[in-house]
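Visitor: sequence plus the predicted model coming up.
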Amino acid sequence: MKKGLFITFEGIEGCGKSTQARMLKEFLIKAGKRVFLTREPGGPKIAEGIREMLLSVNNKEMLPQTEVLLYMASRSQHTGEWIIPELEKGKIVISDRYYDSTFAYQGAARKIDGKLIDTIRRYATFGLVPDITFLVDLPEEIGLSRIQAKDADRLEQESMEFHKKVREGFLDLANNEPERFVVLDGKKSIKEIHNEVIKIINKELNK
Ligand code: TMP
């Protein structure tokens, strides 16, 4: 039985979500909360092994079918081995990406059927749904300009058109589930975005 709070951060490459996830963790720890910060793809050993496969630029021949199943396989291990047990201990779990990334990248951009993704999603996550999802929205040209070409992973090397679809995919998800999503303007300063995140979280903790 879930006791803690599950918060996720989503967005395109270079949107600043990882910085925000870390800043939220620090804020909550200072406030005396027990926090567990993690990220996807990856987490526990098996999921990290899958991450390497997914992001390696040597795996250019990976098929969309393989890709979506590997993201979900990584998520399943991550959710069952780490996220659910930490929530059961009553912690606030923050994940830098979760299943919305699969709907945006593999669904909206790679054109894999959303209903199929949703069926696998339910199985792979044991039905776990984030309590709050922060979408840090940013135009793809700005996000990608922040990524160093030499360090770009397999997904980051996709075209601008691909990342535009990812961004639109995220915005559609947020529109469809306004009660879970909070859309933040990634063009604002790091501090301004952080303050907006804190305002929402404080409201949630005082419910
Ligand atoms: P990161 O850059 O945030 O570490 O994420 C790794 C890459 O994996 C990033 O390009 C987004 C991509 N991704 C998907 O395509 N589908 C997913 O389900 C997840 C979690 C990430």
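Guide: Yep, it's here. Computed from a predicted model, the values in this text were never measured in an experiment. Numbers count the residues shown, from 1 in each chain.

Visitor: can you list the residues of this structure near the ligand?
Guide: The chain has residues E13, E40, P41, L55, Y71, R97, S101, T102, Y105, Q106, L155, E156 near the ligand, with proximity defined as CB under 6 Å from any ligand atom. (C-beta placed from N, C-alpha, C; glycine too.)

Visitor: looking at those residues, which are in helices?
Guide: Counting by DSSP state H, the residues of the chain next to the ligand place L55, Y71, S101, T102 in helices.

Visitor: which residues of this structure fall in helices?
Guide: Using DSSP H, the helices of the chain run over residues 17-30, 45-55, 64-78, 84-88, 99-102, 114-124, 140-145, 160-176, 190-205.

Visitor: worst-scoring helix or strand of this structure, pLDDT-wise?
Guide: Least confident helix or strand, the chain: helix 140-145 with a mean of 94, by mean pLDDT, DSSP states H and E.

Visitor: so what touches that one?
Guide: If you take CB atoms under 8 Å, 6 or more residues apart in numbering as the criterion, helix 140-145 is touched by 11-15, 156, 160, 163-164, 166-167, 186-187.

Visitor: any low-confidence regions in this protein?
Guide: 1 (pLDDT under 70).

Visitor: which residue is nearest the centroid of it?
Guide: R97 (1.2 Å; CA atoms, centre = their mean).

Visitor: sorry, back to before: can you give me the offset of the least confident helix or strand of the chain from its chain's centre?
Guide: For helix 140-145, the gap between its own C-alpha mean and the chain's C-alpha mean amounts to 18 Å (CA atoms, centre = their mean, to the nearest Å).

Visitor: just to revisit the earlier point, can you name the two of the residues of the chain next to the ligand that are farthest apart?
Guide: The distance between the two most remote of those (CB to CB) is 16.4 Å, for T102 and E156.

Visitor: who has more neighbours, these two?
Guide: Using other CB atoms under 10 Å, the more surrounded residue of T102 and E156 is T102, with 26 against 18.

Visitor: that one is in contact with I117, isn't it?
Guide: Yes. The pair T102 / I117 is scored as a contact, 5.8 Å apart, by CB atoms under 8 Å.

Visitor: and for these two, which residues touch both?
Guide: In terms of CB under 8 Å, 6+ apart, T102 and I117 are both contacted by the residues V68.

Visitor: on that earlier part again, hang on, isn't the residue nearest to the centre of the chain packed against R39?
Guide: Yes. R97 is within contact range of R39, at 6.2 Å (criterion: CB under 8 Å).
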